[in-house]
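In: Could you work out the structure for the sequence below:
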Amino acid sequence: MSQSVIHIQDGVPRKEEWRLGAPVSFTLLRGEHVAVTGLNGSGKSKLIDILTGAHPLIRQEVAYDFSPSPSHLVSDNIQYITFRDTYGGDNDRTYFLQQRWNQTEIDPETPTVRQKLEDAFLLSGGDTPERRALQQRLYALFGIAPLLDKYIILLSSGELRKFKLTSALFKDPRVLILDNPFIGLDAATRDSLRRLLTTLAEEGRVQIILVLSKNDDIPAFITHVVEVRKGVVLPKLPLREWQDRRPPVPARVLSEEKERQILLLPTGQGGDRPEETVIDMRHVSVRYGARTIISDLNWTVRRGEHWVLGGENGSGKSTLLSIVCADNPQGYASDIRLFGHQRGTGESIWDIKRHIGYVSPEMHRSYRHDIAAIRIVASGLHDSIGLYVKSTEEDLEKCRFWMEVFRLKGMEERSFLSLSSGEQRLVLLARAFVKDPDLLILDEPLHGLDNVNRRLVKDVIGAYAARPRKTLIMVTHYEEEVPECIDHRLRLTKQG
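Out: Here you go, the predicted structure:
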């Protein structure tokens with residue numbers, strides 16, 4: 001009989017807020033690699049918290065058999081990486097500031113990859129010849145040597161994945177759990193990470209559990225799939241059987257009635273403004289010390305155009321958007337006109353922001369305000385992070401409308417941090433749309449969404465873009481995410 005590495009039978013967490021819709025039964029047999037899938041808010045994270053022992057159970061606890069590992073500790077044998085903030089823990093809020101303001105001078109106390117990995121290596125089990133051999137094997141497998149002298153905050157998304165995986169594998173765990181490891185990565189980096197994970201799986205030293213919102217990201221080495229549906233953990237199925245059973249994604253999710261309501265919205269602020277040019281950049285360069293991010297860029301965006309912004313990780317897409325959103329000081333030293341006004345001629349940041357709706361993965365990672373979801377949406381009307389102005393009933397009605405558009409009806413008073421990551425992303429999207437901006441900037445808007453919600457957001461973007469004089473800039477690493485309304489493209493090249 002195969003070894004049960006993790007086994008749960010009719011598990012019920014002790015606290016009610018930790019529970020799913022039904023008792024949980026799950027078994028991971030030796031040699032299996034599992035994908036956990038389900039719609040946003042279905043309970044995937046709760047299941048993982050049960051598997052890792054973070055949510056203790058009533059009566060019978062989770063049964064583990066990590067043999068032949070010399071350690072019986074769950075913390076030694078299960079490593080869980082969420083990738084929600086690979087620059088630090090949930091309380092590290094400096095990442096958003098580093099990305100948006102891109103400090104020219106690196107703090108001398110900022111650690112390098114070499115320092116952080118050496119600390120992780122020593123903390124994970126001491127210094128022995130056998131462990132040094134493991135360290136060198138992992139460095140070779142993940143191509144770590146060229147990264148050792150880089151500062152952590154300057155690593156690309158793909159490099160950060162390698163750094164986190166290397167740190168986790170120093171403990172030589174039996175089980176590695178990765179939450180949405182492919183989000184935010186360009187196609188080449190996704191392929192590279194998929195090959196690395198395949199190599200780990202084929203070596204047989206670690207079993208892999210992937211938690212995936214986008215279920216067509218399932219790699220070929222996965223043997224089984226567990227779907228969580230409306231809080232119920234369904235029986236584990238072989239990959240091929242699950243693929244044969246899964247229903248197709250609807251061709252359209254936004255209702256015709258909601259689309260009609262969006263199309264009939266008033267023109268809104270700025271709709272009758274005379275200027276035709278929204279963004280005009282001439283020979284714009286961005287450098288931090290010796291590092292060039294953007295070099296001699298000329299870019300003009302006219303009112304009513306719909307752009308997709310592409311390029312590999314580290315090519316400067318987020319930096320470019322931070323200049324447009326007036327979040328980057330280097331924009332004042334460049335030849336840039338926004339909405340017909342030369343930057344640095346007297347307009348305030350808020351004069352610029354009131355015309356822009358914006359969402360990004362960096363914003364999502366930094367958003368730690370545990371207030372009601374509708375207040376998060378309402379903050380978009382005032383371009384604030386939290387909500388510091390009492391909302392009028394008219395404002396709240398706008399918020400309710402956009403929350404209903406994004407299928408968040410009934411969640412208005414739910415605290416933001418109690419929502420799933422995908423539900424949080426939908427709240428932040430509603431925040432970007434709520435003031436019906438002249439310019440909508442969506443940096444990876446489908447990041448972490450399930451396939452149905454991805455289709456919904458594409459439908460909403462299409463309805464917004466169909467209105468006269470609405471301008472859109474969108475960033476994505478997936479060609480299939482590009483909405484049909486896109487009529488212009490700009491691809492940035494990494495400067496080295």
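
In: Tell me where the stretch 351-496 of the chain has helices.
Out: 361-366, 373-379, 393-405, 421-433, 451-465 (DSSP state H, counting those that start in this stretch).

In: for the fourth one, the distance to its chain's centre please.
Out: The reference is to helix 421-433. In terms of C-alpha atoms, centre = their mean, to the nearest Å, the centre of helix 421-433 is set 12 Å apart from its chain centre.

In: Tell me which residues of it come out buried.
Out: 421-433 (16 or more other C-beta atoms under 10 Å). Using the backbone N, CA and C atoms, a C-beta is placed for each residue, glycine as well.

In: which one of the residues you listed is nearest L239?
Out: The nearest member of those to L239, counting by C-beta to C-beta, is G422 at 22.7 Å.

In: For the closest one, which non-adjacent residue is closest in space?
Out: N40 (2.7 Å; C-beta to C-beta, 6 or more residues apart in numbering).

In: State the number of residues packed around that neighbour.
Out: 21 (other C-beta atoms under 10 Å).

In: I'd guessed it sits against N451; true?
Out: No: N40 is beyond contact range of N451, at 10.1 Å (criterion: C-beta atoms under 8 Å).

In: Strands along the stretch 51-200 of the chain, start to end?
Out: All strands of the stretch 51-200 of the chain, identified by DSSP state E, counting those that start in this stretch, fall at 63-64, 78-81, 175-179.

In: who does the first one touch, helix- and strand-wise?
Out: Counting contacts by 3 or more C-beta pairs under 8 Å, 6 or more residues apart in numbering; DSSP states H and E, strand 63-64 is packed against strand 4-11.

In: same thing with the longest one?
Out: Packing partners of strand 175-179 (3+ C-beta pairs under 8 Å, 6+ apart): helix 44-51, strand 78-81, helix 157-169, strand 207-212.

In: now do 10 Å
Out: strand 34-37, helix 44-51, strand 78-81, helix 157-169, helix 187-203, strand 207-212 (3 or more C-beta pairs under 10 Å, 6 or more residues apart in numbering; DSSP states H and E).

In: same question, the second one
Out: Contact partners of strand 78-81 among helices and strands, from 3+ C-beta pairs under 10 Å, 6+ apart: helix 44-51, helix 157-169, strand 175-179, strand 207-212.

In: can you count the residues close to F339?
Out: 20.

In: cool, and L239?
Out: The number of residues near L239, taken as other C-beta under 10 Å, comes to 18.

In: What separation do you get for the residue nearest to G422 and D450?
Out: 5 Å (C-beta to C-beta, to the nearest Å).

In: shared neighbours, these two?
Out: Residues touching both N40 and D450 by C-beta atoms under 10 Å, 6 or more residues apart in numbering: 213, 420, 422.

In: Next, the residue lying closest to the first one once chain neighbours are set aside: phi, psi?
Out: To tie it back to what came earlier, the one meant is S213. Ranked by C-beta to C-beta, 6+ apart and with sequence neighbours excluded, the top spatial neighbour of S213 is D450, at 4.8 Å. Here is the backbone geometry of D450 (degrees, to the nearest 10): phi -70, psi 170.

In: V211 is in contact with D450, correct?
Out: No: taking contacts as C-beta atoms under 10 Å, D450 lies outside contact range of V211: 11.7 Å.

In: Name the residues contacting each of these two.
Out: 37-38, 44.

In: so which of the helices and strands packed on strand 175-179 comes closest to D149?
Out: Of all the helices and strands packed on strand 175-179, helix 157-169 comes closest under C-beta to C-beta, at 12.5 Å.

In: how about the closest one: buried residues?
Out: 157-169.

In: Tabulate these (JSON lines), appending distance to A145 and pLDDT.
Out: Formatted as JSON lines, the buried residues of helix 157-169 follow (distance: C-beta to C-beta, whole Å; pLDDT from 0 to 100):
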{"residue": "S157", "distance to A145": "19", "pLDDT": "71"}
{"residue": "G158", "distance to A145": "16", "pLDDT": "77"}
{"residue": "E159", "distance to A145": "12", "pLDDT": "83"}
{"residue": "L160", "distance to A145": "16", "pLDDT": "83"}
{"residue": "R161", "distance to A145": "16", "pLDDT": "84"}
{"residue": "K162", "distance to A145": "11", "pLDDT": "88"}
{"residue": "F163", "distance to A145": "13", "pLDDT": "90"}
{"residue": "K164", "distance to A145": "17", "pLDDT": "89"}
{"residue": "L165", "distance to A145": "15", "pLDDT": "91"}
{"residue": "T166", "distance to A145": "11", "pLDDT": "92"}
{"residue": "S167", "distance to A145": "16", "pLDDT": "92"}
{"residue": "A168", "distance to A145": "19", "pLDDT": "91"}
{"residue": "L169", "distance to A145": "16", "pLDDT": "92"}
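
In: Quickly name whichever of these is closest to R282.
Out: S157 (29.5 Å).

In: Can you say which of the helices of the stretch 351-496 of the chain is nearest to R14?
Out: helix 421-433 (23.8 Å).

In: what's that closest one packed up against?
Out: Right, helix 421-433 is packed against helix 44-51, strand 356-359, helix 361-366, helix 373-379, helix 393-405, strand 439-443, helix 451-465 by 3+ C-beta pairs under 10 Å, 6+ apart.

In: 6 Å instead?
Out: Identification of packing neighbours for helix 421-433 by 3 or more C-beta pairs under 6 Å, 6 or more residues apart in numbering; DSSP states H and E yields strand 356-359, helix 373-379, helix 393-405.

In: most tightly surrounded among these?
Out: helix 373-379 (a mean of 25; mean count of other C-beta atoms under 10 Å).

In: Could you point out which residue ranges in the stretch 251-400 of the chain have low pLDDT?
Out: Along the stretch 251-400 of the chain, segments meeting pLDDT under 70 span 268-275, 289, 326-333, 344-350, 384-389.

In: can we see that at 90?
Out: 266-276, 284-296, 311-355, 360-371, 379-392 (pLDDT under 90).

In: Which residue ranges of it form strands?
Out: Going by DSSP E, counting those that start in this stretch, the stretch 251-400 of the chain shows strands at 277-288, 291-302, 306-310, 335-338, 341-342, 356-359.

In: winner for burial among these?
Out: When the strands of the stretch 251-400 of the chain are compared using mean count of other C-beta under 10 Å, strand 356-359 is most buried, at a mean of 23.

In: quick one: strands adjacent to that strand?
Out: strand 439-443 (parallel) (DSSP bridges).

In: and the partner strand with helix 451-465, angle?
Out: Here the directions of strand 439-443 and helix 451-465 differ by 160 degrees (axes from the mean of the first three to the mean of the last three C-alpha atoms, to 10 degrees).

In: Dump strand 439-443 to PDB, restricted to CA.
Out: Provided in PDB are the C-alpha atoms of strand 439-443 (Å, rounded to 0.1, in the frame of the first residue of the first chain):
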ATOM      1  CA  LEU A 439      -7.700  57.200 -18.600                       C
ATOM      2  CA  LEU A 440      -7.900  53.700 -17.200                       C
ATOM      3  CA  ILE A 441      -4.500  52.100 -16.400                       C
ATOM      4  CA  LEU A 442      -4.700  48.300 -15.700                       C
ATOM      5  CA  ASP A 443      -1.400  46.700 -14.800                       C
END
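
In: I'd like to check what contacts it. Which residues are they?
Out: 278, 321, 355-360, 471-475 (C-beta atoms under 6 Å, 6 or more residues apart in numbering).
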